[in-house]
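J.: Could you work out the structure for the sequence below:
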Amino acid sequence: MFFLDPTYLLLIPALILSLWASSRVNSTFKKYSRQPSRNGITGAQAARRVLDSHGLYDVQIEYVRGNLTDHYDPTAKVLRLSENVYGNVSAAAIGVACHEAGHAIQHAEAYTPLKLRQAIIPITNIGSRCGIYLFMIGFIIAGIAGSGSILGMGLAWAGIALFSFTALFQLLTLPTEFDASSRALNEIERAGILQYDEIPAAKKVLNAAALTYVAALAVSLTQLLRLVLILGNLSNRRR
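T.: The predicted structure is shown next:
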């Protein structure tokens, strides 16, 4: 059966990496969020300082509930910081806040990977929700009518094509996130937001966060490979 296909085993390493990365970013942030920075600047203040230094006075900073739910909304031009970042004076909070400010700077400068990622969001949303179902419908039709079924194979490949935008989105996310972290660390050092010996703590938090995006890409690519292998096996069995 499709749901018991042994290709599911391909996902195990990627899923383990994903769980490990998520655990690491939470533990790293928790560790360094307990250490107040000597300058006493909050995450929101640090982000405001970075934004203003680039003339982004129109970008608002808002408080949002949740743990590490920080993000920049380019449509509303709002930087939203979670409860553990907004008013926290730790190097960890400042690193995260400045990272999100880095995304606002990318948006203002029309950073290419960010522009491309934003452009494919609509089709990525469709692909992530509908791609796998379209694949399953096509797979079932091809399984019943034979792999020579134009309709079945066409739908299955269309499902794979739609789902591939999820992997493409994750791929474009990597340079976007790494660049935002690089910008954050540069701004923190340039503006003296953290003392020199506190910057490594912010860097460790941002590096741990970056692993979650690497893991997300690994999961998407592995799932994409699995779908291609399933369809390939169907074709081979029907020859």
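J.: residue ranges of the helices in the chain, please?
T.: Remark: helices assigned in the chain by DSSP state H are 11-33, 43-53, 83-86, 91-108, 112-119, 121-145, 150-191, 199-237.
J.: How about the contacts made by the residue nearest the centre of the chain?
T.: Of all residues in the chain, the one closest to the mean position by C-alpha atoms, centre = their mean is residue 213, 4.7 Å from it. Shown in contact with residue 213 (C-beta atoms under 8 Å, 6 or more residues apart in numbering): 170, 173, 174, 177. Heads up, the C-betas are built off the backbone N, CA and C, glycines and all.
J.: do residue 223 as well
T.: 11, 163, 167 are the contacts of residue 223 under C-beta under 8 Å, 6+ apart.
J.: what does residue 77 give?
T.: Residue 77 touches 58, 59, 60, 104, 107, counting by C-beta under 8 Å, 6+ apart.
J.: Now with 6 Å, please.
T.: Shown in contact with residue 77 (C-beta atoms under 6 Å, 6 or more residues apart in numbering): residue 59.
J.: Can you check the pLDDT for it?
T.: We have a pLDDT of 96 for residue 77.
J.: Repeat that for residue 102.
T.: Confidence score, pLDDT, at residue 102: 97.
J.: With residue 4 instead?
T.: Looking at residue 4, the pLDDT reads 52.
J.: any idea how far the closest residue in space to residue 219 that isn't next to it in sequence is from residue 124?
T.: Leaving aside its chain neighbours, residue 219 sits nearest to residue 14 (4.5 Å; criterion: C-beta to C-beta, 6 or more residues apart in numbering). Distance from residue 14 to residue 124, counting by C-beta to C-beta, to the nearest Å: 19 Å.
J.: Kindly report the same for residue 143.
T.: Applying C-beta to C-beta to residue 143 and residue 124 gives a distance of 28 Å.
J.: Looking at those two, which has the bigger crowd around it?
T.: Under the neighbour definition other C-beta atoms under 10 Å, residue 143 and residue 124 were set side by side, and residue 124 has more, 22 against 16.
J.: Go ahead and confirm the more buried one touches residue 165.
T.: Yes. In this structure, residue 124 is within contact of residue 165 by C-beta atoms under 6 Å, at 4.6 Å.
J.: Around residue 109, count how many other residues there are.
T.: Count around residue 109 with other C-beta under 10 Å applied: 12.
J.: ugh, typo on my part, it should be residue 153
T.: Residue 153 has 20 nearby residues by other C-beta under 10 Å.
J.: any idea how far it lies from residue 160?
T.: Residue 153 is 11 Å from residue 160, by C-beta to C-beta.
J.: Below-threshold pLDDT in this structure: ranges please.
T.: Residue ranges of the chain with pLDDT under 70: 1-5, 147-148, 235-239.
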